[in-house]
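In: compute the structure for the input listed below.
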Amino acid sequence: MSGVNAEQEKGAAALNSVMAALVLTALKIVVGVLTGSLGILAEAAHSGLDLVAAVVTWIAIRLSSKPADEEHAYGHGKVEHLSALVETILLLLTCAWIISEAVARLTAKHEVRVEASLWAFLVLGLSIVVDISRSRMLHRAAEKHRSQALEADALHFSTDVWSSAVVVLGLVGVKLAGWFPALDGLRKADAVAALAVAVMVVVVSVRLGARTIQGLLDSAPAGAAARIKTAVEALENVVDCHNIRVRQSGPNYFVDLHLTLDGSQTLQEAHDLTERAEEAVRAVLPEADVTVHPEPKPAPAKSPLPLK
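Out: Predicted structure coming up:
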């Protein structure tokens with residue numbers, strides 16, 4: 001797929017995510033306010049954050065597609081990592097509010113009335129269906145185009161599926177408490193569900209943040225250097241492959257390596273071998289930008305002349 005078509009497909013996936021997040025956030029806010037459910041309001045805050053994250057992702061996709069220039073020799077792919085870091089910070093801030101509000105409701109003397117209405121269940125059911133659909137769509141696009149930003153979005157919405165399911169269970173508990181007085185303790189289930197949502201989001205945020213920071217610090221993909229060394233050293237006339245450096249910027253990989261070759265080869269032969277080495281690297285990391293530095297094999301040390 002051409003670069004232009006790839007960026008268009010990534011942009012379309014991000015824009016669809018924005019529209020879906022906008023609709024779900026509005027629905028959850030309305031139903032949460034009408035029912036008084038902290039669980040649904042927590043979900044609304046989560047979806048609102050997803051909306052912000054989706055917009056950030058959409059902008060990041062557009063910016064990261066800009067070609068390299070004099071000030072950004074490696075392109076603008078790091079914008080995707082930066083957008084994922086912004087999403088992580090926003091997620092953690094939202095979780096702090098949800099946890100504080102849930103604890104306040106669990107410890108309050110006067111109970112906050114929660115209405116587990118049919119509308120609440122319908123909105124959450126719709127949310128689960130939409131989140132499953134867009135999570136799969138974003139995950140496919142993220143894998144296809146090696147996009148950190150789309151992967152972060154997909155991770156968010158897959159988490160939304162589970163958090164919405166937890167809130168549904170909380171509302172079921174509230175409903176059962178209304179039907180059966182012996183189960184009155186379940187009236188707190190909505191606040192407990194909100195806490196569970198917050199914990200899930202914190203776990204996902206920490207994992208996402210760790211991966212994002214690794215990307216911003218130019219950490220090499222796990223095992224990439226070893227696989228490149230094995231592939232290149234399997235080529236005929238390559239003595240060894242060393243000083244391998246791998247960095248990722250958005251969907252793009254940049255690889256630098258040194259080759260030890262037979263110094264008696266012609267310049268053309270050495271050039272042809274470096275091109276085969278580049279192809280071997282791209283078999284490990286497709287479409288990587290590869291720089292190869294050839295070095296002659298050290299001449300064997302001469303034995304000292306015997307003393308007369």
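In: flag every buried residue along stretch 54-65.
Out: The neighbour-count check on stretch 54-65 (16 or more other CB atoms under 10 Å) flags 54, 55, 56, 57, 58, 60, 61, 62, 63, 64, 65 as buried. Quick note: C-beta positions are derived from backbone N, CA and C, even for glycine.
In: tell me which of those fall in helices.
Out: 54, 55, 56, 57, 58, 60, 61, 62, 63, 64 (DSSP state H).
In: and the fifth one, what's its pLDDT?
Out: Read it as residue 58. As predicted, residue 58 sits at a pLDDT of 76.
In: tell me how far it lies from residue 243.
Out: Computed as CB to CB, to the nearest Å, the residue 58 to residue 243 distance reads 39 Å.
In: same thing with the first one?
Out: The gap separating residue 54 from residue 243 is 41 Å, by CB to CB.
In: buried sites along the helix or strand harbouring residue 31?
Out: Here residue 31 sits within helix 3-35, counting by DSSP states H and E. By neighbour count with 16+ other CB under 10 Å, helix 3-35 contains the buried residues 6-7, 9-11, 13-18, 20-22, 24-25, 27-29, 31-32, 35.
In: stretch 166-177 too?
Out: For stretch 166-177, burial by neighbour count (16+ other CB under 10 Å) applies to 166, 167, 168, 170, 171, 172, 173, 174, 175, 176, 177.
In: quick one: which of the residues you listed is nearest residue 108?
Out: Residue 108 lies nearest to residue 174 out of these, by CB to CB, at 15.6 Å.
In: next, that closest one: phi, psi?
Out: Here the main-chain torsion angles of residue 174 (degrees, to the nearest 10) amount to phi -60, psi -40.
In: ditto for residue 219
Out: Note on residue 219: backbone dihedrals following degrees, to the nearest 10 are phi -70, psi 140.
In: which secondary structure elements does the helix or strand hosting residue 127 contact?
Out: In this structure, residue 127 sits in helix 118-145 according to DSSP H and E. Judged by 3 or more CB pairs under 8 Å, 6 or more residues apart in numbering; DSSP states H and E, helix 118-145 is in contact with helix 3-35, helix 38-64, helix 148-179.
In: 7 Å instead, please
Out: With contacts defined as 3 or more CB pairs under 7 Å, 6 or more residues apart in numbering; DSSP states H and E, helix 118-145 has these neighbours: helix 3-35, helix 148-179.
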